[in-house]
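K.L.:
just need the structure, nothing else, for what follows:
(chains A, B and C)
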Amino acid sequence: MEKNKEYMPKIIAFLCNWCSYAGADLAGTSRLKYPPSILPIRVMCSSRVDPLFIIKAYLGGADGVLVAGCHPGDCHYDKGNYYTRRRFALLKKIFQDLDLEEDRLTLSWISASEGPKYAKVTTDFTEKVKKMGENSAKNKIFL
Amino acid sequence: MTKALVINNNYEKGLIDFLKNLLENGKVKGVFSLKKINKEGDVTFSLISKPEDLDDAVPFYPIMPVNAGSLMSRFTMKQPATESIIAVLKPCEIRAFVELIKREQGSLENITILSFTCGGVYTHRMVADDLITKNLSKYWDAVKSEKILDDLRPACRSCDEFIPYNSDITVDLIGNKDIDKQLTMILNTEKGGNLVKDIKGKNVEKNLNDKKLENFKDKREKEKKKLFDEIDPKIKGLDNLIDTFGKCISCHACGRVCPICYCTVCEFESPDAEYKPSNFETELNKRGALRVPPGTIYFHLGRLDHIAISCVGCGACEDVCPVDIPLSIIFKKIGESVQKMFDYVPGKNTDEELPLSTFEKEELVEYEE
Amino acid sequence: MSQPEEKNKSTVISVKKDLNTAIIDFLKEGIDKQVFDDVIIPMRVPAKDSFAYVLVRNKSILNDGFFLPPVMPVQGGRMVSSVTRLGKKDKKTAIIMRPCETRATIELAKLGQTNLDNLILISMDCPGVMPISDFLKDTNKQLKNFEDSANNLDDKIMRPVCQICDKSSMISGDLHIGTLGAKKGSFYLISNSEKGNELIEKMGLKQNENINSWKEKVKKISEEKKKKRINKNKELKKKIGGLDNLTDAFGKCINCHNCMSVCPVCFCRLCYFESDKVKQPSDDYLSRAKSKGSIRFLPDTMLFHIGRMEHMSLSCVSCGACEDVCPVDIPIAQIFTMIADETQGLFDYVSGRSLDEPIPFVAYKEEELTDMEDSND
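P.N.:
The predicted structure follows:
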């Protein structure tokens, strides 16, 4: 697959129900512009995101994976996002050590009222991922 | 300075006599140790109750058929030991046991741990070829003179955690030129001290020889750096990972023998990981072809994510791999990297929580967007 | 699946360049003529140091196919089960596997672990397979070694159970590539089922070719191997018969259960010998040690092996995958072959021979096996 300027990356976004998903919703209802690269998956809490989901998305060919949750201290379930942060950091370190384009993974705290932040994070991330080109994992046969 | 007991006897014979004494006096009801189990001289981990059976024990034998940490976990997971037991374990086996205890897979209750400064183990290949007996004197010469042998497990050659944590008694072996005549047991805890109360020997104040062991640690760390540098090109980037794991036959033996991998039904053998016909369709439409059975890289990346934080670097994985993938160095390297993130040494402190089971309110800001 | 021989069609296919290319061309033609859509065939892995099965949809990728690799890293039966256990393949798929792998696939279908719908199983005359550890010592040299040995019908370098395999040309699938006894520059394509007949017809191949020369060659080789097999089994029984000898044979066993995990017919997701049933409280282990003086820990090594024999020897296809992966070189495949021959022989059963033959565990006759009973009438 060529590095096509027109290529629209596929970004899997895990959004926590109480904060980030609501924030994304707000961005939509406020008619804020954000790229069509995002494929949102609603989870009740960002700590529901098993690192294996991220690995599977990456190996499946996702050009980017976004995990978004409530700001630390504001988790609807009290401490879920603290665990999310540790798990995400560990996985990102593994990707870093194995040179697996760790910049394709990103963690962001987006609250329910932060529609503009959602639009900005997704726009910036899409730009970053576009520059990296397509994830070659999607073409591999011997995975 | 710690209390120590020096017994005028060959290190192995002395230890066997000591263990016999413990059984005879009822101070312990069972001894875990490597032991010859048949006339061919095959050695495996055993639970010994009769003093005379200790005549076949080979507590310091340089092999590791199974990481005994998982064996101690199996012994105590359904029920903590109810009677006093002593277990002769290698440093990484103790660390594995502690990591398993943190995961509620065992208990240290009523268990006394005896360990030693560890010179490493030979591979299953050498056991299969009956080469251990031939190499024993070469092995012990290397231990006495602090040399690193070429044919040990790569994980052992690069191990810098050869001084045991959490042992009640530590036998001084590495760099100790007197082991043929003297058994030196450093008594780290009161429990250990109590067990040797009636044993004939010289009570001294002694620590392990820090200078010698520092030198040896340097040698091991040099070897570790060499092996880590060699593995880098094999694992950096998806294409190199695919090349390295191309031979993988998905037998999952690495997971099965890993002491930290304790799950009865592994996630990667559960229905979660099975592909449905629709999954195959998606993959075929996407890629044009797919290696089957699927999920080779997924298994290894997933296992890294699951256990790297507790990897004790024993090398059981690489030893059992039928296609010689350099797993132990890969897992050791990634393991140390993620452990450093949390300043965590697996198996060192029994009361230190597993990094993923706890958190700080402010941390790891560099990983956030 | 198997039907009266007279109904089976056979044809001859010519080889222009080499056998592998001819088979790949044949498979490509099959896709072009829409006889099947997908193919499963071994291929070299990217680093070229081993082989793996690849499920192929894109015809051009077939060019990398390698129909007879020198090693069997994954047993084909296990591989097919991973593809169709949860449901049939919607698209017709041609699968190239060795005879023992095809038999394992049929056996797994009987065990409910594989759906054979839309699968066209194609086997070939098998010269054997090298132990993977031998192959990895020098992959290029060993590949040449394998090809020379195969051409000369020399099996010295093959797995020990391959050297005593009398079923290396057994047809249990839909089609079989018969190279033995074929005229130079050609091979037989022998059908064993309706699916096979259909394929030969749809491919527009000349049918009803005479395969007597193949049959004769195969019969000769099989009889020789059978003699060898019976002798080897006898020798082995002498060596490991009796509880002491048997226990000694497993003295080095480290209970890794590799043998079980690569076995195609050991399909249980949670093996009995890894389940809660074998996890005892510490008191139980300690009292066992007390009663015997000492026990190996973990105990029950023999229970695992003899138990596994009891569970699966009726389905054992003697492929030797188990022995390939034993880290301490226990001749596990040879032992299981010896037992499986006896247990399958008891019921005149051959694992995976035919889909119509029920596994003896689930069938019975009202009068049989009286010699196994206590004659107390």
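
K.L.:
tell me the contacts of residue 43?
P.N.:
By default, I'm working from chain A. A:Phe14, A:Leu15, A:Cys16, A:Asn17, A:Val49 (Cβ atoms under 8 Å, 6 or more residues apart in numbering or on different chains). In this view, the C-beta of every residue, glycine as well, is placed from N, C-alpha and C.

K.L.:
wait, chain B was what I had in mind.
P.N.:
Shown in contact with B:Val43 (Cβ under 8 Å, 6+ apart): B:Leu34, B:Lys35, B:Lys36, B:Ile37, B:Val58, B:Tyr61, B:Ile63, B:Pro65, B:Ile132.

K.L.:
show me what from the stretch 151-300 of chain C comes close to chain B.
P.N.:
C:247-248, C:251-252, C:254-258, C:261-262, C:269-270, C:274-276, C:279-283, C:285-286, C:289-290, C:292-298 (Cβ under 8 Å from any Cβ of the partner chain).

K.L.:
those in helices, which ones?
P.N.:
C:Thr247, C:Asp248, C:Asn258, C:Ser261, C:Val262, C:Ser282, C:Asp283, C:Tyr285, C:Leu286, C:Ala289, C:Lys290, C:Lys292 (DSSP state H).

K.L.:
still on that earlier bit, in ChimeraX, how would I select just the buried ones from the residues of the stretch 151-300 of chain C next to chain B?
P.N.:
This is the ChimeraX syntax for the buried subset of those, where burial follows 16 or more other Cβ atoms under 10 Å in any protein chain shown:
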select /C:247,248,251,252,254,255,256,257,258,261,262,274,280,282,285,286,289,290,294,295,296,297,298
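
K.L.:
quick one: C:Val362 from C:Gly112, how far?
P.N.:
11 Å (Cβ to Cβ, to the nearest Å).

K.L.:
and the closest residue to chain C within chain A, how many residues sit next to it?
P.N.:
Chain A approaches chain C most closely through A:Phe142 (5.6 Å), counting by Cβ to the nearest Cβ. As a burial measure, A:Phe142 scores 21 neighbours (other Cβ atoms under 10 Å in any protein chain shown).

K.L.:
so it, which state does it fall into?
P.N.:
coil (DSSP: H, G, I helix; E, B strand; the rest coil).

K.L.:
just to revisit the earlier point, check the ones in helices among the residues of the stretch 151-300 of chain C next to chain B and tell me the two furthest apart.
P.N.:
C:Val262 and C:Lys290 (36.8 Å; Cβ to Cβ).

K.L.:
how about the strands of chain C, start to end?
P.N.:
C:10-14, C:38-44, C:51-56, C:93-96, C:119-124, C:175-178, C:186-191, C:294-296 (DSSP state E).

K.L.:
and chain A, by the same measure?
P.N.:
A:11-16, A:38-43, A:64-69, A:105-109.

K.L.:
hang on, the earlier thing: ok, and the most crowded of the contacts of A:Val43?
P.N.:
Ranking the contacts of A:Val43 using other Cβ under 10 Å puts A:Cys16 first, with 30 neighbours.

K.L.:
residues from chain A in reach of chain C?
P.N.:
By the rule Cβ under 8 Å from any Cβ, the part of chain A lying against chain C is A:Ile141, A:Phe142.

K.L.:
any weak-confidence spans in the chain?
P.N.:
Just going to use chain A. A:1-5 (pLDDT under 70).

K.L.:
meant chain C, my bad for not saying
P.N.:
Applying pLDDT under 70 to chain C picks out residues C:1-7, C:376-377.

K.L.:
scan it for its longest helix.
P.N.:
Longest helix in chain C, counting by DSSP H: helix C:212-240.

K.L.:
partner strands of the helix or strand bottoming out on mean pLDDT in chain B, with direction?
P.N.:
For chain B, the helix or strand with the lowest mean confidence is strand B:202-205, at a mean of 90 (criterion: mean pLDDT, DSSP states H and E). Strand pairing for strand B:202-205, using DSSP bridges, gives strand B:3-7 (antiparallel).

K.L.:
still on that earlier bit, contacting residues around the residue of chain A closest to chain C?
P.N.:
B:Ile242, B:Gly246, B:Arg291, B:Thr296, C:Val45, C:Pro46, C:Ala52, C:Val54.

K.L.:
what's across from A:Thr106 in the sheet?
P.N.:
According to DSSP bridges, the residues that bridge with A:Thr106 are A:Leu66.

K.L.:
hang on, isn't it packed against A:Gly64?
P.N.:
Yes. Counting by Cβ atoms under 8 Å, A:Thr106 touches A:Gly64, with 7.1 Å between them.

K.L.:
now for the two: what residues contact both?
P.N.:
A:Phe125.

K.L.:
could you export the contacts of B:Val43 as TSV, including pLDDT, secondary structure and neighbour count?
P.N.:
Shown next, in TSV, are the contacts of B:Val43 (pLDDT from 0 to 100; DSSP: H, G, I helix; E, B strand; the rest coil; neighbours: other Cβ atoms under 10 Å in any protein chain shown):
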residue	pLDDT	secondary structure	neighbour count
B:Leu34	97	strand	22
B:Lys35	97	strand	25
B:Lys36	97	strand	17
B:Ile37	95	coil	21
B:Val58	97	coil	18
B:Tyr61	97	coil	21
B:Ile63	97	coil	20
B:Pro65	96	coil	26
B:Ile132	96	helix	20
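
K.L.:
and chain C, which of these reach it?
P.N.:
Contacts with chain C within those, as defined by Cβ under 8 Å from any Cβ: B:Lys35, B:Ile37, B:Pro65.

K.L.:
nearest to A:Tyr118, of the residues you listed?
P.N.:
B:Pro65 (55.1 Å).

K.L.:
got the contact list for the spatially most central residue of chain A?
P.N.:
Taking Cα atoms, centre = their mean, the centroid of chain A lies closest to A:Leu66, which sits 0.5 Å from it. When contacts are counted by Cβ under 8 Å, 6+ apart, A:Leu66 touches A:Ile11, A:Ile12, A:Ala13, A:Phe14, A:Ile38, A:Thr106, A:Leu107, A:Ser108, A:Val121, A:Thr122, A:Phe125.

K.L.:
closest one to A:Gly115 out of the contacts of A:Val43, please.
P.N.:
A:Gly115 lies nearest to A:Leu15 out of these, by Cβ to Cβ, at 12.7 Å.

K.L.:
still on that earlier bit, the contacts of B:Val43 into TSV, with extra columns for distance to C:Cys326?
P.N.:
TSV is the format used below for these (distance: Cβ to Cβ, whole Å):
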residue	distance to C:Cys326
B:Leu34	20
B:Lys35	22
B:Lys36	21
B:Ile37	18
B:Val58	23
B:Tyr61	21
B:Ile63	16
B:Pro65	13
B:Ile132	17
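
K.L.:
which residues pair with A:Ile38 across the strands?
P.N.:
A:Ile11.

K.L.:
now do the buried residues in stretch C:79-99.
P.N.:
Within stretch C:79-99, the residues that count as buried by 16+ other Cβ under 10 Å are C:79-86, C:89, C:92-99.

K.L.:
close to chain C: what parts of the stretch 101-250 of chain B are there?
P.N.:
Residues of the stretch 101-250 of chain B lying near chain C (Cβ under 8 Å from any Cβ): B:124-125, B:127-129, B:239, B:242-244, B:246-247, B:249-250.

K.L.:
got a PyMOL select line for the buried ones in those residues?
P.N.:
The buried residues among these can be selected in PyMOL (16+ other Cβ under 10 Å) with this line:
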select buried, chain B and resi 124+127+242+243+244+246+247+249+250
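
K.L.:
just the residues of the stretch 101-250 of chain B next to chain C that are near chain A?
P.N.:
Among those, chain A is touched by B:Asp239, B:Ile242, B:Gly246 when using Cβ under 8 Å from any Cβ.

K.L.:
from those residues, which is closest to B:Lys90?
P.N.:
Taking those together and measuring to B:Lys90 by Cβ to Cβ, the closest member is B:Gly246, at 32.6 Å.

K.L.:
now do the closest one against B:Ile199, distance only.
P.N.:
As judged by Cβ to Cβ, B:Gly246 and B:Ile199 stand 55 Å apart.
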